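> sequence and predicted structure, then a few things I'm wondering about:
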Amino acid sequence: MSVEEYLERYRQSCVRMKWSFPLPMRRTIQTGSKKRLAEFDRSKVDVDGLLENQRAEAQAAWQRFETRFPNKVKDTRQELDKVSAAARSREAVRSEVTRLTRLVRTYLLQAGILTGVGDDVFFLSLDELAKILAGDKTPIPYIPTRRVAYERYCALPPYPP
């Protein structure tokens, strides 16, 4: 599978999303994808064989279900189709949110440069940022207090997984 096929199939998702976190750009994603694909190529695992076994097992399970519960086949197939479509939609949405996050992050960083607040732009609301972009500097004094609060929160132990 080419990197382009990999990206199209698995898209771009991000486990932790925060405007202030740097996100990998396309080049980084392609590099990581190339490494993953090379690892797959070097592995001794017969991926096609594994997939074929999974398909055969799924087909056998479905046939057992059809034999055991013939009256539930149609409804169950419809429900499985709905769940499958929902899973695909969820992944498509995650990919688009990741792309949107990159776009908004780029905008915020540029606004930080234009206003002179730099990375502190992440401690402002969008309304406050709009004021600063319009020349009203009144929100700037809020930044140090918010940074201290943020650093305090970061020092707390993480939530358990």
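Here it is on my side, so go on. Numbering: from 1, shown residues only.

> all helices for the protein, in order.
Along the chain, counting by DSSP state H, helices occupy 3-10, 26-42, 47-68, 73-115, 126-133, 142-155.

> could you chop the chain up by domain?
Annotated domains of the chain cover 3-45+74-115, 116-161 [automatic domain parsing].

> with mean neighbour count as extra columns, can I get these in a markdown table?
For glycine as for every other residue, the C-beta is placed from the backbone atoms N, C-alpha and C. Shown next, in a markdown table, are these (neighbours: other CB atoms under 10 Å):
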| stretch | mean neighbour count |
| --- | --- |
| domain 3-45+74-115 | 12 |
| domain 116-161 | 12 |
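
> now distance to residue 54 and mean pLDDT too, for these, in a markdown table please.
Listed next are the domains of the chain as a markdown table, based on distance: least, CB to CB, whole Å; pLDDT from 0 to 100:
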| stretch | distance to residue 54 | mean pLDDT |
| --- | --- | --- |
| domain 3-45+74-115 | 13 | 77 |
| domain 116-161 | 27 | 94 |
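
> any chance of the ones you listed in CSV, with distance to residue 60 too?
Below are those laid out as CSV (distance: least, CB to CB, whole Å):
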stretch, distance to residue 60
domain 3-45+74-115, 16
domain 116-161, 35
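
> hmm, back to that, same list (the helices of the chain) but as TSV, adding distance to residue 161.
Below are those laid out as TSV (distance: least, CB to CB, whole Å):
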stretch	distance to residue 161
helix 3-10	22
helix 26-42	23
helix 47-68	27
helix 73-115	19
helix 126-133	31
helix 142-155	18
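
> do you know which of the domains of the chain lies nearest residue 51?
domain 3-45+74-115 (10.7 Å; CB to CB).

> re the thing from before, mind checking which of the domains of the chain is nearest residue 53?
Set against residue 53 and scored by CB to CB, those come closest in domain 3-45+74-115, at 11.7 Å.
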